[in-house]
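Chemist: Can you look at this prediction? I've put the sequence above it.
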Amino acid sequence: MPIGEFGGAPPLVAEGSPALTTPMYWMYEMGHASLNPARAVTDATKILFQNPLNPWSHTQFGKSIAAACELFERTTRRYGKPEWGLDFTEVNGVQTPVEVRSIWEKPFCRLLHFDRKLTRPLRAPHPRVLIVAPMSGHYATLLRGTVEAFLPTHEVYITDWSDARMVPLSAGRFDLDDYIDYVIEMLHVLGGNMHVVAVCQPSVPVLAAVSVMEATRDPFVPLSMTLMGGPIDTRRNPTAVNNLAEQRGIEWFRNHVITKVPFPHPGVMRDVYPGFLQLSGFITMNLDRHTDAHKALFNNLVKGDGDMVDKHREFYDEYLAVMDLTAEYYLQTVDVVFVKHALPKGEMTHRGKLVDPSKIRRVALMTVEGEKDDISGLGQTEATHALCPDIPDHRRVHYVQKGVGHYGVFNGSRFRSEIVPRISDFMMSAANTNESAAKTKPTLVSAAE
């Protein structure tokens, strides 16, 4: 989870009114408002130089003007929450409509079900999968490719976290303990016979939630738990993100990246880590690559290369859409996961009670890492196995995907062709073992590598 990699923000004044003590968000909103006249002029200019009746639109000069106008519009736009766009999937060779609907909702999250409208009955029920999306800046739609890869062979559910600036103060706080409670409640709503997949940041709260459920012998504990590129123990192969957290300390983040939501958003006066600061961190980590991508967009617009332009728009419409995080959740996560390393040290608590992963016995465990991951270093997710000694060896798997970075762990061609089949085999193995255990408890070796 990015935690302010941009290296610093203007320090906040210690005392005064909210408008003075938390100026970043207010100035950001005013900056956006001040650009509206320029954006209107730019839009009109673009239409003029794209009109085929304008002879300049067919010249290199005219195309360059139109391209520059689009570049300005895209770099000054506030990107809204993207659509899922998963209207169909293929189940057993048959194109099947998909309806995305909410089946559970609280102020800070909805539980979405990708309901496949099957035209013929399945020979055997597909595994039911709860994908816990990161609450780390981007919307759950960042996992569109993850969901798309699972849909043909799984019944898929996903957490759709809310933008904190859209949640009124009257809805209360949301911290790491609440996150864990939400995961447990969603597993109860789904009614058992579930597999849970945590992508990146939620690996910690998901492991904690399953630990809490096992400690209380909860009947709705999942059949299996797959943790992908998660910061379970950031002391192993620490990345730049991990080192920054330890160097700065929690007070630095409290004083430099926390601000209040301004009017007229529904969450006005809520303390948040705003999306625009997170986006600054995302972009500055790879500034040269993003600059080159926008230069390429300009050149492709002038050349009329529609395919490359569409790919750029598709990627950045998702990448530049960010959400605010509640301050209490963000700061607690930084402190517990990146500064104190509370979970691997056996010091993490939930509602005042110790979180003990060694209580996990009934849940099969799979961990997935990327060989070139620069967000969660190699070994950070694998550390889960040492924390869960009572899971039988034949019900645990660790897999490292060669040649991929952080995002390749849950998206892309190698994820679809190499990672998803292994996870699917692991889930089937876990379910079969669970069913057999009630009868004869035979030995079963996982099909995953």
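Modeler: Thanks, I have the structure now.
Chemist: Could you pull out the strands in this structure for me?
Modeler: In the chain, the strands defined using DSSP state E lie at 88-91, 94-106, 109-116, 128-132, 155-161, 195-199, 224-228, 259-260, 271-273, 325-326, 349-350, 353-354, 364-370, 396-401.
Chemist: TSV for these, including distance to Ala342?
Modeler: In short, each C-beta sits where N, CA and C put it, glycine included. Below are those laid out as TSV (distance: least, Cβ to Cβ, whole Å):
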stretch	distance to Ala342
strand 88-91	40
strand 94-106	25
strand 109-116	23
strand 128-132	19
strand 155-161	22
strand 195-199	17
strand 224-228	17
strand 259-260	26
strand 271-273	20
strand 325-326	19
strand 349-350	8
strand 353-354	10
strand 364-370	19
strand 396-401	23
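Chemist: so which of the ones you listed gets nearest Tyr407?
Modeler: Closest approach to Tyr407 among the strands of the chain (Cβ to Cβ): strand 364-370, 8.3 Å.
Chemist: Report the inter-axis angle for that closest one versus strand 195-199.
Modeler: 20 degrees (axes from the mean of the first three to the mean of the last three Cα atoms, to 10 degrees).
Chemist: CA atoms only: put stretch 415-434 into PDB for me.
Modeler: Written as PDB, here are the backbone C-alpha positions of stretch 415-434 (Å, rounded to 0.1, in the frame of the first residue of the first chain):
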ATOM      1  CA  PHE A 415      -1.900 -14.000 -14.000                       C
ATOM      2  CA  ARG A 416      -4.600 -15.400 -16.200                       C
ATOM      3  CA  SER A 417      -2.500 -18.300 -17.700                       C
ATOM      4  CA  GLU A 418      -0.300 -19.300 -14.700                       C
ATOM      5  CA  ILE A 419      -1.600 -17.900 -11.400                       C
ATOM      6  CA  VAL A 420      -5.400 -18.300 -11.700                       C
ATOM      7  CA  PRO A 421      -5.300 -22.100 -12.700                       C
ATOM      8  CA  ARG A 422      -3.000 -22.700  -9.600                       C
ATOM      9  CA  ILE A 423      -5.400 -20.900  -7.300                       C
ATOM     10  CA  SER A 424      -8.400 -22.700  -8.800                       C
ATOM     11  CA  ASP A 425      -6.700 -26.100  -8.300                       C
ATOM     12  CA  PHE A 426      -5.800 -25.100  -4.700                       C
ATOM     13  CA  MET A 427      -9.400 -24.100  -4.000                       C
ATOM     14  CA  MET A 428     -10.800 -27.400  -5.300                       C
ATOM     15  CA  SER A 429      -8.200 -29.300  -3.300                       C
ATOM     16  CA  ALA A 430      -9.100 -27.400  -0.200                       C
ATOM     17  CA  ALA A 431     -12.800 -28.000  -0.700                       C
ATOM     18  CA  ASN A 432     -12.300 -31.700  -1.400                       C
ATOM     19  CA  THR A 433     -10.100 -32.200   1.700                       C
ATOM     20  CA  ASN A 434     -12.700 -30.400   3.800                       C
END
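Chemist: Would you mind listing the buried residues in that stretch?
Modeler: For stretch 415-434, burial by neighbour count (16 or more other Cβ atoms under 10 Å) applies to 415, 419-420, 422-431, 433-434.
Chemist: about what we covered before: make a markdown table from the strands of the chain and add distance to Leu187, mean pLDDT and mean neighbour count to it.
Modeler: Output for those, formatted as a markdown table (distance: least, Cβ to Cβ, whole Å; pLDDT from 0 to 100; neighbours: other Cβ atoms under 10 Å):
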| stretch | distance to Leu187 | mean pLDDT | mean neighbour count |
| --- | --- | --- | --- |
| strand 88-91 | 24 | 94 | 16 |
| strand 94-106 | 11 | 95 | 13 |
| strand 109-116 | 10 | 97 | 20 |
| strand 128-132 | 7 | 97 | 25 |
| strand 155-161 | 10 | 97 | 24 |
| strand 195-199 | 7 | 97 | 27 |
| strand 224-228 | 11 | 97 | 28 |
| strand 259-260 | 34 | 90 | 24 |
| strand 271-273 | 27 | 93 | 24 |
| strand 325-326 | 22 | 95 | 26 |
| strand 349-350 | 15 | 96 | 16 |
| strand 353-354 | 18 | 96 | 11 |
| strand 364-370 | 15 | 97 | 26 |
| strand 396-401 | 20 | 96 | 20 |
